[in-house]
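Show me how the following folds:
(chains A, B, C and D)
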4 protein chains.
Amino acid sequence: MRIGILTSGGDCPGLNAVIRGAVLRGFAAGDHTFVGFRDGWRGATTGEHLVLDRERIRGIAKQGGTILGSSRFNPFDNGGVERVRANFADLGVDALIAIGGEGTLAAAQRLGEGGIHVLGVPKTIDNDLNGTDYTFGFDTAVQIATDAMDRLRTTGDSHGRCMVAEVMGRHAGWIALHSGMAAGAHAILIPERRTTMDEIATWVTDARARGKAPLVVVAEGFIPDQADDPHSERGLDAFGRPRLGGIGERLAPQIEALTGIETRATTLGHIQRGGIPSAFDRVLATRMGMAATEAVLRGERDRMVSLRGTDLTTVPFADALDELKTVPAERYAEAEILFG
Amino acid sequence: MRIGILTSGGDCPGLNAVIRGAVLRGFAAGDHTFVGFRDGWRGATTGEHLVLDRERIRGIAKQGGTILGSSRFNPFDNGGVERVRANFADLGVDALIAIGGEGTLAAAQRLGEGGIHVLGVPKTIDNDLNGTDYTFGFDTAVQIATDAMDRLRTTGDSHGRCMVAEVMGRHAGWIALHSGMAAGAHAILIPERRTTMDEIATWVTDARARGKAPLVVVAEGFIPDQADDPHSERGLDAFGRPRLGGIGERLAPQIEALTGIETRATTLGHIQRGGIPSAFDRVLATRMGMAATEAVLRGERDRMVSLRGTDLTTVPFADALDELKTVPAERYAEAEILFG
Amino acid sequence: MRIGILTSGGDCPGLNAVIRGAVLRGFAAGDHTFVGFRDGWRGATTGEHLVLDRERIRGIAKQGGTILGSSRFNPFDNGGVERVRANFADLGVDALIAIGGEGTLAAAQRLGEGGIHVLGVPKTIDNDLNGTDYTFGFDTAVQIATDAMDRLRTTGDSHGRCMVAEVMGRHAGWIALHSGMAAGAHAILIPERRTTMDEIATWVTDARARGKAPLVVVAEGFIPDQADDPHSERGLDAFGRPRLGGIGERLAPQIEALTGIETRATTLGHIQRGGIPSAFDRVLATRMGMAATEAVLRGERDRMVSLRGTDLTTVPFADALDELKTVPAERYAEAEILFG
Amino acid sequence: MRIGILTSGGDCPGLNAVIRGAVLRGFAAGDHTFVGFRDGWRGATTGEHLVLDRERIRGIAKQGGTILGSSRFNPFDNGGVERVRANFADLGVDALIAIGGEGTLAAAQRLGEGGIHVLGVPKTIDNDLNGTDYTFGFDTAVQIATDAMDRLRTTGDSHGRCMVAEVMGRHAGWIALHSGMAAGAHAILIPERRTTMDEIATWVTDARARGKAPLVVVAEGFIPDQADDPHSERGLDAFGRPRLGGIGERLAPQIEALTGIETRATTLGHIQRGGIPSAFDRVLATRMGMAATEAVLRGERDRMVSLRGTDLTTVPFADALDELKTVPAERYAEAEILFG
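Take a look at the predicted model:
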């Protein structure tokens, strides 16, 4: 077979390991060849591609980013199934491995309904896709955030300050939950858990009373409940839109005002998603790439690779797309015990 | 309740996070207290201990090693159940959380049979205990080994050398398998997979033919099959004892002789088991500690904490003790595809 | 002698290594003892202190922050020389080692004029104190910034974006210069070098034309020259005050507007100054602490420890205080060659 | 001009940064071009080379190893000056930048005497070349060794063991000195300092008596003084040859025998010289490469680039070649204070 691969959406440590794993699995299985479409769905639509031979994938497993490039291009605004099908015919491509997040997998599902042989590999640094225990990139992001918080703590301790660290997580607080647990945070603020400023202030004040410099971890998608703002309760701004970004910087002065403790915020930002993947992510991503090719060669379609325990399997796209995987209440309760 | 904790056997990144998680879980559940026995079973037998209050466990989750100390002391050679029972009575200890490997869990099982309320937390840096998806410390060890191999590769590439990296793994090759996959090794040698020197030489020569500096990862417990040595086939030396240690240094000249490629070995040794735990291990270890206390407080006994997927549960000691968790053939086959 | 030590101003990796070096040097030289004043000049003024014995300084060289605490307290607003002298008499303190930046050293100089036996250790993460080749903490900050930029580059490359990294450096661009050189930046923006938005846009566009994802490093104290704003030319806002902070976030949309290249900013912030010091900084800081005690014991006063090549010496306070050590034009020109 | 570059001897983090700095400096200065000879002096002798254009040096500053390859080839056994001159004439090469250690610089000196326009860049991971404050690669090696020792300490502390770490340093103990100071070693053993087993045992026992797990750092070239072996006093074996390698493994049982403290050795080996260079080394190496090209273009010859304080300059080859830069007694005495 001739198999196309594309990476779509935000970059994520491990994308190149998926590509390498998929290609080497195909080479081992027989006389299969691979092309990579450039910049995600854009390449699948325009036909722009590169040939993925042994030389091209050499040594890439430990490189961050994606050698194929990525974009947030919507194939259905740009000719959709017909153009993809035409390009596949031109290039002799029989099947597609689409590596991406919710939007990519939804597009893959729709292409599948249009007759394209497609298989998905879930990608989200936020770890918020259902249908898989973990996605690659998440472990690296958690490690980077944890390392950063280990550093912030020494500054907090030296100056008796409260340090606020804003991490990624628009709709789900997995990075905040794990890095906060790992770094010993005294408060973890995530979109899934309604939390008032008073509650935050109490956690901070209690940590200080125990002689510690308080560490607050906040996911970028968190919005504090505020009694006097009916919108904020539902995480919306005055126009009814979800409010995102800069929450760490906005929280810091409020915490300082409520507690009297000097408070500083740091937004970790893009450093969480770039660079060398952790060993965990390299292994997971490599195995996901291999599993994707195996599934394609077995004739599976309209499914997504999935990690279950230590095994790789596949699940229908719908398992990932029905709803986000958010932090369940019992996992938050578990973390909350450590605030004390 | 008053709960005793001990850490036994070789140190492992995450031990302190287990202790902290167990203690804070107990404090959150009610008026429970904790004592830590010094140096593993020795402390449980002599009664030497320290009180684990909030101050004592502060900030320890990210420290390597164990604040309790460890040893390879056998309680049954030293008074056994009776002395442990007497110490527990003296100290008012109602139950024990024993953190350790196969030997520790077997001792815990035997104490349980003697009426002690005991719960286990599995610990092996080699990840070779059954009954759990992963053990803490393994992820850190794999990361350290992977980082080291990333470094070795540049030396190999610059000099056109074959580099051999010896990693931990006496009876199971998990560290070699994962770090080798992550680092892009051209040969992975583990105790579970019979491999001849000729096979190794072929992998090395093939990698070189493709223009690469060959990287060979070998678990310390690996013994090559050699046709002319009937003992070696069964992994025994001339006296019928298993042969361990220094395998990397022994392989290097043999590889060089067979392939004509200059070959150098590095033994990673103790750096794999010390130091700051990875974020993954801190989270896993913390959750295991919390799960252990929960199980004790629920009245569970004679069981061990276990990770299944993303959930923590408990399993009977026997699940871990019946046989080692070795690398299955299909996982090795998966890795072997990447040698090419 | 009985020697007091204090750490003042922002925290910096290596402070604890200075303390340890100073104390152990004193112990080796004879029957000298040490006290540490809490929270910088506040402790010297109030007398709040801890005894620095062997146990207290054990293992601290690799800890970030300062075990003494720090603050931005001005002794001369709070009783000044008289109160410090009285506390020294009460505690039997004969001399003071003051570890801090420009303000601290100026205060030390003034105390010295008032008759206090005082010696300084220069501390600035920005490396902008004259009279010494390097200050500790700078190497760690540069390494953290470089690691972060290595990560940002993979994101830039994957998305074809321009990445802007804001690093520390209020008055001098040393961190930006070194981390930018190390990370291969295509533009380095520092307070010492007047740069227009057009010049920045040209660098970014040129990098893109050569097929690269542009990386721009900007020191927090940088202000672009803008022809239509007479204040900006002198780095002042409309009220004549220096404008600091958030420059990365402000530059990104301007770069995007001028070049048409999607641009994202990351502000590294506090992670640059906390955490485990680099080996370079541990050695430098330890040696500076030892040199400070040696100088005190030799009877030197009103001087500051200084690194010259590989040697430690002392210089008069005035050498550090006369003017800031800014990036000279030839060092910038050297770095600029690498933009291409 | 057309300038040749070669890298010779053992690899060292920063070699690629030197190459990039040299090439970009030449491009900035005018219409100069660069070729890289493959595998050190071998390429200069055979003429095998690659053209160093912008594309070829892109992104290499942070790569370990050398893109040119290296070898321990002696040009004077292989045609010497005549063959090098002939190749230079064929390729239009006007001058050579030779990056290497003592042997390489001596060969460069001899080629210079033969009329070749040659300039040297000193390279030794051991930092034992005279004529420069530091060489690149040393900082990275010290950091790797320090990180490893930080890990070893937690194992030592948990088990009450003495840990021995063997680091690089055949003739000079700089890596041992700096990493030992940084990691808080209780004994540092280097070739320059005659030390008996009794002295080592005393340091180890004293550290243990103060409640610490002893950490011993030993340079590979260290040989203990032993009263009953006249050869050992001069660092020779029974055949009068210097004895190198495996010293850590040999010391461990002797320390255990003398002190009764369980002792384990780890040999860091090749991981010290590979992989991503530290930011310090990237900046130093880049600047050295630039300084080399500047010197060549100024018409300097028969000299070597040198770091003095924060400045780069050049010195005659003889400054580096007259004698090794060993650890002076006062630097050892300084470190010894920290053992206590």
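
Surely A:Leu324 is within a helix?
No - under DSSP: H, G, I helix; E, B strand; the rest coil, A:Leu324 falls outside any helix and is assigned coil.

give me the number of residues near it?
Per other CB atoms under 10 Å in any protein chain shown, the neighbour tally for A:Leu324 reads 17. All C-beta spots, glycine's among them, are computed from the backbone N, C-alpha and C.

same question, A:Ile57
A:Ile57 has 21 nearby residues by other CB under 10 Å.

Toward the C-terminus from the helix or strand where A:Leu307 lies, list the very next helix or strand.
Following DSSP states H and E, one finds A:Leu307 within strand A:303-308. Once the chain leaves strand A:303-308, the next helix or strand it forms, by DSSP H and E, is strand A:311-316.

Please point out which parts of that next one sit buried.
For strand A:311-316, the neighbour count (16 or more other CB atoms under 10 Å in any protein chain shown) marks A:Leu312, A:Thr314, A:Val315 as buried.

just curious, which of those residues is nearest to chain B?
A:Leu312 (9.1 Å; CB to the nearest CB).

What separation do you get for the residue lying closest to the closest one once chain neighbours are set aside and chain C?
With CB to CB, 6 or more residues apart in numbering or on different chains as the criterion, A:Leu312 has its nearest non-adjacent residue at 4.1 Å, and that residue is A:Ala291. A:Ala291 sits 23 Å away from chain C, going by CB to the nearest CB, to the nearest Å.

Now do the strands in chain A.
Secondary structure of chain A by DSSP state E: the strands cover A:2-7, A:33-37, A:49-51, A:95-100, A:118-122, A:162-167, A:187-189, A:215-219, A:263-267, A:303-308, A:311-316.

which stretches of chain A have low pLDDT?
Counting by pLDDT under 70, chain A shows low-confidence ranges at A:227-245.

Tell me who's in contact with A:Ile190.
Contact analysis of A:Ile190 by CB atoms under 8 Å, 6 or more residues apart in numbering or on different chains lists A:Gly169, A:Ala172, A:Gly173, A:Ala176, A:Leu177, A:Val218, A:Ala219, A:Gly221, A:Phe222, A:Val327, A:Tyr332.

between the strand holding A:Leu307 and strand A:95-100, how big is the angle?
Orientation of strand A:303-308 against strand A:95-100 (axes from the mean of the first three to the mean of the last three CA atoms, to 10 degrees) gives an angle of 50 degrees.

returning to that earlier point: now for the contacts of A:Ile190: which two are most distant?
By the measure CB to CB, those have their two most distant members at A:Gly221 and A:Tyr332, which lie 14.5 Å apart.

follow-up on the earlier one: so which of the contacts of A:Ile190 is the closest to B:Gly211?
Of all the contacts of A:Ile190, B:Gly211 sits closest to A:Gly169, with 42.2 Å by CB to CB.

Could I get the contacting residues of the closest residue to that closest one other than its chain neighbours?
Residue nearest to A:Gly169 in three dimensions, not counting chain neighbours: A:Ala219, with 3.4 Å by CB to CB, 6+ apart. Under the criterion of CB under 8 Å, 6+ apart, the contact list for A:Ala219 reads A:166-170, A:172-173, A:175-176, A:189-191, A:247.

Compute the distance between A:Asp128 and D:Cys12, please.
Look at A:Asp128 and D:Cys12: by CB to CB, to the nearest Å, they are 44 Å apart.

A:Gly340 too?
Taking CB to CB, one finds A:Gly340 at 50 Å from D:Cys12.

Likewise for A:Pro253?
49 Å.

More neighbours: which of these two?
More crowded of A:Pro253 and D:Cys12, by other CB under 10 Å: D:Cys12, with 33 against 11.

pretty sure the more buried one contacts D:Asp126?
No - counting by CB atoms under 8 Å, D:Cys12 stays clear of D:Asp126, with 9.7 Å between them.

Tell me how far the residue nearest to A:Ile19 when sequence neighbours are not counted lies from B:Asp139.
Leaving out its chain neighbours, the residue that sits closest to A:Ile19 by CB to CB, 6+ apart is A:Ile5, at 5.8 Å. Distance, A:Ile5 to B:Asp139, by CB to CB: 28 Å.

Tell me who's in contact with the spatially closest residue to A:Gly120 that is not a sequence neighbour.
Nearest residue to A:Gly120 in three dimensions, chain neighbours excluded: A:Met304, at 3.9 Å (CB to CB, 6+ apart). Applying CB under 8 Å, 6+ apart to A:Met304 gives the contacts A:105, A:119-122, A:131-132, A:314-317, A:319-320.

Could you give me the PyMOL syntax to select whichever of those residues are buried?
Those of the contacts of A:Met304 that count as buried under 16+ other CB under 10 Å are selected in PyMOL with:
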select buried, chain A and resi 105+119+120+121+122+131+132+314+315+317+319+320
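
Looking at the contacts of A:Met304, which one is closest to A:Leu96?
Distance to A:Leu96, by CB to CB, is smallest for A:Leu119 among the contacts of A:Met304, at 7.3 Å.

ok, that closest one - contacts?
By CB under 8 Å, 6+ apart, the contact list for A:Leu119 reads A:95-98, A:108, A:292, A:295-296, A:300-305, A:314.

so which of these would you say is closest to chain C?
Taking CB to the nearest CB as the measure, chain C lies nearest A:Ala98 of those, at 16.1 Å.

quick one on the thing from earlier: would JSON lines of the contacts of A:Ala219 with distance to D:Ala185 be doable?
What follows is these, written out as JSON lines (distance: CB to CB, whole Å):
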{"residue": "A:Glu166", "distance to D:Ala185": "39"}
{"residue": "A:Val167", "distance to D:Ala185": "37"}
{"residue": "A:Met168", "distance to D:Ala185": "40"}
{"residue": "A:Gly169", "distance to D:Ala185": "42"}
{"residue": "A:Arg170", "distance to D:Ala185": "47"}
{"residue": "A:Ala172", "distance to D:Ala185": "46"}
{"residue": "A:Gly173", "distance to D:Ala185": "43"}
{"residue": "A:Ile175", "distance to D:Ala185": "38"}
{"residue": "A:Ala176", "distance to D:Ala185": "39"}
{"residue": "A:Leu189", "distance to D:Ala185": "43"}
{"residue": "A:Ile190", "distance to D:Ala185": "43"}
{"residue": "A:Pro191", "distance to D:Ala185": "48"}
{"residue": "A:Ile247", "distance to D:Ala185": "45"}
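
Show me which of the residues you listed is closest to A:Gly80.
Checking the contacts of A:Ala219 one by one against A:Gly80 (CB to CB), the nearest turns out to be A:Arg170, at 26.8 Å.

Can you give me the distance of the closest one to chain C?
16 Å.

Now that residue: closest residue in space, sequence neighbours ignored.
Excluding the flanking residues, the one nearest A:Arg170 by CB to CB, 6+ apart is A:Gly221, at 4.2 Å.
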